[in-house]
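Visitor: only geometry, no sequence info:
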């Protein structure tokens, strides 16, 4: 294999610290090196790149345009190296790692409390969780198992339905006390809070109750449920959310149903994994454990 013309990690660390402090001296103090050592590492880096990374203005350092571009990439590289190092340090030699991606709210509200029995029964398997808000290619991103929301058909993936979904309209009790709801039409006069990945949810909710309104697409949009729910709890409007995401808030009185109708979704939550991974013991055990909680 041909040798790669790559800068050393030490050089990148010196450059990043110098750029963050805009000082070779303070970078040297942070890294427990001499100012001369930091300067030499940066100079070597500039020679490798064939571009100046800093320029001196009076007694100050400034990044060149090339330095600013390189800094962004260097920080990503160093962060990835740090994360990989810490990840390896946390695993014992006899552990298998199972990488799982989940929708944030589904992971925290439905999946999390089902994990302790699995962990107790499988001490040799370490779970590594990643948040994802959209479908993605599992193998391309090196993920073993994912929790998807959809219609249950993804190419080359084995799919197990976990739970369906019913959407409910919820709001802070204080908001509903100020604006009593006597009919579903009354909701059209309140601020509607939306999930950005489901832009037509309110429209379907109203349409299924034979309510026609031009306000069903209006309102604040959120990428994930947690901030949507928090805004509703703070009195910012009425949120349309899956019931399981607000069970605790409804039981605790922090939210209340704005109207009793439930919109049953045609989609559901699925556990999926590449078909060829189905025979791996770590995958099989997790699938068997989680699917016992399915509808």
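Guide: Now that the structure is in, tell me what you want to look at. Note that the structure is a prediction, hence the values are computed from the model and not measured.
Visitor: pLDDT wise, what is residue 60 at?
Guide: Among the per-residue scores, residue 60 holds a pLDDT of 86.
Visitor: how about residue 293?
Guide: In this model, residue 293 is scored at 96, pLDDT.
Visitor: what ranges of this structure fall below the confidence cut-off?
Guide: 1-3, 87, 90-95 (pLDDT under 70).
Visitor: please redo it, this time with the cut-off set to 80
Guide: When the per-residue scores of the chain are filtered using pLDDT under 80, the ranges that remain are 1-5, 86-95.
Visitor: where do the helices of the protein begin and end?
Guide: Counting by DSSP state H, the chain forms helices over residues 9-21, 24-31, 35-49, 65-90, 104-106, 115-121, 173-178, 201-207, 225-233, 247-252, 281-291, given from the N-terminal end onward.
Visitor: mind giving me the packing neighbours of the third one?
Guide: Judged by 3 or more C-beta pairs under 8 Å, 6 or more residues apart in numbering; DSSP states H and E, the packing partners of helix 35-49 are helix 9-21, helix 24-31. For every residue, glycine as well, the C-beta is placed using N, CA and C.
Visitor: quick one: which of those helices is nearest residue 114?
Guide: If you check each of the helices and strands packed on helix 35-49 against residue 114 by C-beta to C-beta, helix 9-21 wins as the nearest, at 40.0 Å.
Visitor: got the buried residues for the closest one?
Guide: Buried residues in helix 9-21, counted by 16 or more other C-beta atoms under 10 Å: 11, 12, 13, 14, 15, 16, 17, 18, 19.
Visitor: mind putting those in CSV, distance to residue 76 included?
Guide: Conversion of the buried residues of helix 9-21 to CSV gives the following (distance: C-beta to C-beta, whole Å):
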residue, distance to residue 76
11, 16
12, 11
13, 14
14, 17
15, 13
16, 11
17, 16
18, 17
19, 14
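Visitor: still on that earlier bit, so which of the helices of the chain comes closest to residue 148?
Guide: Across these, the minimum distance to residue 148, taken as C-beta to C-beta, is reached by helix 104-106, at 9.4 Å.
Visitor: buried ones in that closest one?
Guide: Neighbour-count burial for helix 104-106, with 16+ other C-beta under 10 Å as criterion, is recorded at 105, 106.
Visitor: equivalent analysis for stretch 66-74, please.
Guide: Per 16+ other C-beta under 10 Å, stretch 66-74 contains these buried residues: 67, 70, 71, 74.
Visitor: then stretch 125-142?
Guide: By neighbour count, with 16+ other C-beta under 10 Å as the criterion, the buried positions of stretch 125-142 are 125, 126, 127, 132, 138.
Visitor: just stretch 163-177 next, same as before
Guide: Applying a neighbour-count criterion of 16+ other C-beta under 10 Å, the buried positions in stretch 163-177 are 165, 167, 168, 169, 170, 171, 172, 175, 176.
Visitor: so which of the residues you listed comes closest to residue 27?
Guide: Closest to residue 27, out of all of the buried residues of stretch 163-177 and judged by C-beta to C-beta, is residue 172, at 49.5 Å.
Visitor: isn't the closest one right next to residue 235, touching?
Guide: Yes. Between residue 172 and residue 235 there is a contact under C-beta atoms under 8 Å: 4.5 Å.
Visitor: between which two of the buried residues of stretch 125-142 is the distance greatest?
Guide: Within those (distances taken as C-beta to C-beta), the two that end up farthest apart are 125 and 132, at 20.7 Å.
Visitor: quick one, longest strand in the protein?
Guide: Using DSSP state E, we find that the single longest strand of the chain is strand 256-264.
Visitor: could you check the angle it makes with helix 225-233?
Guide: Using axes from the mean of the first three to the mean of the last three C-alpha atoms, to 10 degrees, the inter-axis angle of strand 256-264 relative to helix 225-233 is 140 degrees.
Visitor: what's strand 256-264 packed up against?
Guide: Identification of packing neighbours for strand 256-264 by 3+ C-beta pairs under 8 Å, 6+ apart yields strand 166-171, helix 173-178, helix 201-207.
Visitor: what pairs with it, parallel or antiparallel?
Guide: According to DSSP bridges, strand 256-264 forms sheet pairs with strand 166-171 (antiparallel).
Visitor: related to what we said a few turns ago, dump the helices and strands packed on helix 35-49 to a markdown table, plus distance to residue 276.
Guide: Formatted as a markdown table, the helices and strands packed on helix 35-49 follow (distance: least, C-beta to C-beta, whole Å):
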| stretch | distance to residue 276 |
| --- | --- |
| helix 9-21 | 35 |
| helix 24-31 | 45 |
